[in-house]
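**Student:** what follows is a predicted protein model with its sequence.
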Amino acid sequence: DVKVTQSSRYLVKRTGEKVFLECVQDMDHENMFWYRQDPGLGLRLIYFSYDVKMKEKGDIPEGYSVSREKKERFSLILESASTNQTSMYLCASSLDRGGQPQHFGDGTRLSIL
Amino acid sequence: AQSVTQPDIHITVSEGASLELRCNYSYGATPYLFWYVQSPGQGLQLLLKYFSGDTLVQGIKGFEAEFKRSQSSFNLRKPSVHWSDAAEYFCASYSGAGSYQLTFGKGTKLSVIP
């Protein structure tokens, strides 16, 4: 089975802090994704990566950046955390073939105080 | 733009009753379709997927879904619901073979009455 591991289940940070969310997958997937999930808004794509050191903006990239130095690891960075970035963050990965399902981690619930 | 619609925000069923969750997609060609389930505080788990072929697909946990091109629908069904099925269910689709981005519906929350 595919295993997508997010480093923290719960995280509390202060406004202005630089925050790192880490995600690791163990199935040699080419594609990795970061979403945020908010009540009433569903899942929104922040960034995705289809190869090492490659990244593409999703629907809501403002205030975020990403890093993919190794194939198995995809990091989401909040450059200067703000309270409106309090949310559930979900990482996913998939094979780079047409229409492959994305496999999700358990999520990180991030609170910015 | 591609869209996925789940018309029901919240459904309540009794344990042992049958279940059908609705999903409609807007993509013109044959889409790649998925159903995911999310238990409270957890990530999304893949229930089943449809790419082509047989329009009735079987998934995990006793779920199945039927693709109906004429109705642009991909409804999820289960003949007898268990209390542990209480969760939120998401329908999702790729807009095309070369697309990286999944389009998700807003989800349907399922409550189960014992």
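**Tutor:** Looks like it arrived, so ask away.
**Student:** and the pLDDT for the nearest residue to A:Gln25 once chain neighbours are set aside?
**Tutor:** Leaving aside its sequence neighbours, A:Gln25 sits nearest to A:Ser93 (CB to CB, 6 or more residues apart in numbering or on different chains; 4.1 Å). No exception for glycine: its C-beta is placed from N, CA and C like everyone else's. Reading off the confidence values, A:Ser93 has pLDDT 95.
**Student:** correct me, but A:Ser93 touches A:Val24?
**Tutor:** No: using CB atoms under 8 Å, A:Ser93 makes no contact with A:Val24, being 9.3 Å away.
**Student:** so between those two, which is more surrounded?
**Tutor:** Neighbours per residue, other CB atoms under 10 Å in any protein chain shown: of A:Ser93 and A:Val24, the larger number sits with A:Ser93, 28 against 18.
**Student:** host element of that one?
**Tutor:** strand A:87-94 (DSSP states H and E).
**Student:** what's that strand in contact with?
**Tutor:** A:2, A:4, A:6, A:21, A:23, A:25, A:27, A:29-38, A:43, A:74, A:76, A:100-105, A:107-110, B:43-44 (CB atoms under 8 Å, 6 or more residues apart in numbering or on different chains).
**Student:** write the PyMOL selection for whichever of those residues are buried.
**Tutor:** Buried residues among the contacts of strand A:87-94 (16 or more other CB atoms under 10 Å in any protein chain shown), as a PyMOL selection:
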select buried, (chain A and resi 2+4+6+21+23+25+29+30+31+32+33+34+35+36+37+43+74+76+100+101+102+103+104+105+107+108+109+110) or (chain B and resi 43+44)
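**Student:** which ones among the contacts of strand A:87-94 lie within strands?
**Tutor:** Of the contacts of strand A:87-94, the ones assigned to strands by DSSP state E are A:4, A:6, A:21, A:23, A:25, A:31-38, A:43, A:74, A:76, A:103-104, A:108-110, B:44.
**Student:** once you drop chain neighbours, what's closest to the closest residue to chain B within chain A?
**Tutor:** Going by CB to the nearest CB, chain B is nearest to A:Gly99 of chain A, at 3.4 Å. Closest residue in space to A:Gly99, ignoring its immediate chain neighbours: B:Tyr32 at 3.4 Å, by CB to CB, 6+ apart.
**Student:** same question, B:Cys91
**Tutor:** Closest residue in space to B:Cys91, ignoring its immediate chain neighbours: B:Cys23 at 3.5 Å, by CB to CB, 6+ apart.
**Student:** equivalent analysis for A:Lys71, please.
**Tutor:** Among residues not flanking A:Lys71 along the chain, A:Val52 sits closest, at 5.3 Å (CB to CB, 6+ apart).
**Student:** which SSE is the one you found in?
**Tutor:** Counting by DSSP H and E, A:Val52 is found in no helix or strand.
**Student:** can you read off the pLDDT for it?
**Tutor:** A:Val52 is given a pLDDT of 90.
**Student:** swap in A:Arg97?
**Tutor:** 68.
**Student:** returning to that earlier point: CA atoms only: put the strand holding A:Ser93 into PDB for me.
**Tutor:** The C-alpha trace of strand A:87-94 is given here as PDB (Å, rounded to 0.1, in the frame of the first residue of the first chain):
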ATOM      1  CA  SER A  87      -6.500  25.200   8.200                       C
ATOM      2  CA  MET A  88      -6.100  21.500   7.600                       C
ATOM      3  CA  TYR A  89      -3.300  20.800   5.200                       C
ATOM      4  CA  LEU A  90      -3.300  17.600   3.100                       C
ATOM      5  CA  CYS A  91      -0.400  16.100   1.200                       C
ATOM      6  CA  ALA A  92      -1.000  13.600  -1.700                       C
ATOM      7  CA  SER A  93       1.100  11.700  -4.300                       C
ATOM      8  CA  SER A  94       0.400   9.900  -7.500                       C
END
